[in-house]
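Chemist: Sharing a model prediction with you, sequence too.
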Amino acid sequence: MGMKEELLALLKDQDDFVSGQDIADRFQMTRSAVWKHIAALREMGYEIQSVPAKGYRLQHGPCTMYAHEIAPYLRTQWLGRNYLYETEVTSTNTLLKVQAEKGAPHGMVIAAGNQTAGKGRLGRKWSSAPYSGIWYSLLLRPEFPPQMAGVITLTAAVSVVQALEKFQVPAKIKWPNDILLNGKKLCGILSEMRGDMDHIQWIVVGIGVNLTATAETMPEEIRSVATSLTMSGYGEISQNQLAAEILNCMEDNYCLLCEEGFIQLREQWMEHGAFLGEQITVSTTRGQKEGIFRGIDGDGCLLMETAAGGMERIAAGDVTKARHKL
Ligand code: BT5
């Protein structure tokens, strides 16, 4: 831990004021050095009260995900051990892709407080209001063949619901990349990759989880489709604990995927899948199809039973619940 982080830990531990002299003595620095570190913490968004003759007191910090804040909860070997937090980026996926091209290592994670150009699939926008959620991307350099890349998003989705489950949040996965809570979108996942026919160079998996938005603060355009942990009554969950737990689950699941393929993870997916056995509409680039959702196959493709009784296999598309009975 650097000096700033140690000072922060000290302030977090104390409910009352800590005098500038006590801090100076403890860290063997001058009073003006203390003041500089306090100023740096304020720059990072921490609100620190200072009262003459009393000292400093941490009022509250922003929902930040600095390395020292997430580290205590990480149980991973390699995922997130190379970690970068930025207060503002265009998109953590965009930034990590640049790093991937420059040779960044397998397991690197970039997280941000705010994304000014958060991305969804197919050029869609991901709304990421400042400090209101977990916005981060993971870099993977798999040994497995490119045909398996598609199941990475599903593996990440399983990891998110497993992590949420540890906090008693009963979320469901909507194929392929949405996590739903009470039928609304809590989390989205965007995987991007570079590779050729027989080799994956990198996969960047971007995960966005809405935490603190309320019905009032959530952007108008997503209000009818989206939810946050706060809106669903789970506002007490710690951002860094959840963010770390998702990485813990993802590392385990990724190892399982590399060792055994998608078999066990497919079962996990099916346990948490939304709309199983229900009538759904799938929108693909070639139009809409309706049928009964029967789950996913070993490649992560959606299986849908059609009115004629056949089984359709769909590799990409958006799922909604069918409005009318077949
Ligand atoms: C996704 O796309 O759901 C992928 C979202 C990935 C976000 C993460 S955050 C970290 C990393 N950096 C990035 O730039 N992206 C990743 P898609 O399935 O295409 O869904 C996009 C649709 O979800 C939009 O058209 C909206 O309808 C809706 N949406 C946008 N923002 C949302 C939000 N914050 N919460 C819930 N729904 C949202």
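Modeler: All right, it came through fine.
Chemist: Find the nearest non-adjacent residue to the residue in the stretch 51-200 of the chain that the ligand sits nearest to, please.
Modeler: Evaluated by Cβ to the nearest ligand atom, the stretch 51-200 of the chain has Gly188 as its residue closest to the ligand, separated by 2.1 Å. C-betas here are computed from N, CA, C, even on glycine. Closest residue in space to Gly188, ignoring its immediate chain neighbours: Gly208 at 5.2 Å, by Cβ to Cβ, 6 or more residues apart in numbering.
Chemist: So for the helix or strand that contains the one you found, what gets flagged as buried?
Modeler: Counting by DSSP states H and E, the element that carries Gly208 is strand 199-210. Of the residues in strand 199-210, those buried under the neighbour-count criterion (16 or more other Cβ atoms under 10 Å) are Ile200, Trp202, Ile203, Val204, Val205, Gly206, Ile207, Gly208, Val209, Asn210.
Chemist: Kindly state the beta-bridge partners for the last one.
Modeler: Listed beta-bridge partners, Asn210: Gly133 (assigned using DSSP bridges).
Chemist: what sits against it?
Modeler: Taking Cβ atoms under 8 Å, 6 or more residues apart in numbering as the criterion, Asn210 is in contact with Ser132, Gly133, Lys185, Leu186, Cys187, Met218, Ala226, Thr227, Ser228, Leu229, Met231.
Chemist: ok, now with 6 Å
Modeler: Listed by Cβ atoms under 6 Å, 6 or more residues apart in numbering, the contact partners of Asn210 are Gly133, Leu186, Ser228.
Chemist: so which of these would you say is closest to Pro62?
Modeler: Gly133 (12.4 Å; Cβ to Cβ).
Chemist: thought the closest one was touching Thr212?
Modeler: No - in this structure, Gly133 is not within contact of Thr212 by Cβ atoms under 6 Å, at 7.2 Å.
Chemist: So which of the two has more stuff around it?
Modeler: Neighbours were tallied for Gly133 and for Thr212 using other Cβ atoms under 10 Å; the higher tally belongs to Gly133 (28 against 17).
Chemist: Which residues are in contact with the more buried one?
Modeler: Gly133 is in contact with Val209, Asn210, Leu211, counting by Cβ under 6 Å, 6+ apart.
Chemist: The ligand versus the first one, what's the distance?
Modeler: Shown here: Val209 relative to the ligand, a distance of 8 Å by Cβ to the nearest ligand atom, to the nearest Å.
Chemist: now do the last one
Modeler: Between Leu211 and the ligand the distance, using Cβ to the nearest ligand atom, works out to 10 Å.
Chemist: what residues are up against that residue?
Modeler: Shown here is Leu211, whose contacts under the criterion Cβ under 6 Å, 6+ apart are Gly133, Ser228, Leu229, Gln239.
Chemist: Helix, strand, or coil at the residue nearest to Asp318 when sequence neighbours are not counted?
Modeler: Taking Cβ to Cβ, 6+ apart, and ignoring the residues beside it in sequence, Asp318 has Ser283 as its nearest neighbour in space, at 4.7 Å. In three-state terms, and counting by DSSP: H, G, I helix; E, B strand; the rest coil, Ser283 is strand.
Chemist: Do I have it right that Ser283 meets Val319?
Modeler: No - in this structure, Ser283 sits apart from Val319 without contact. The criterion is Cβ under 6 Å, and the distance is 8.1 Å.
Chemist: which of these two has more neighbours?
Modeler: Of the pair Ser283 and Val319, Val319 is the one with more neighbours under other Cβ under 10 Å, namely 19 against 12.
Chemist: That one: which element?
Modeler: Secondary-structure element containing Val319, defined by DSSP H and E: strand 318-321.
Chemist: who's in contact with that strand?
Modeler: Contacts of strand 318-321 with the rest of the structure, by Cβ under 6 Å, 6+ apart, involve Lys174, Trp175, Ile280, Thr281, Val282, Ser283.
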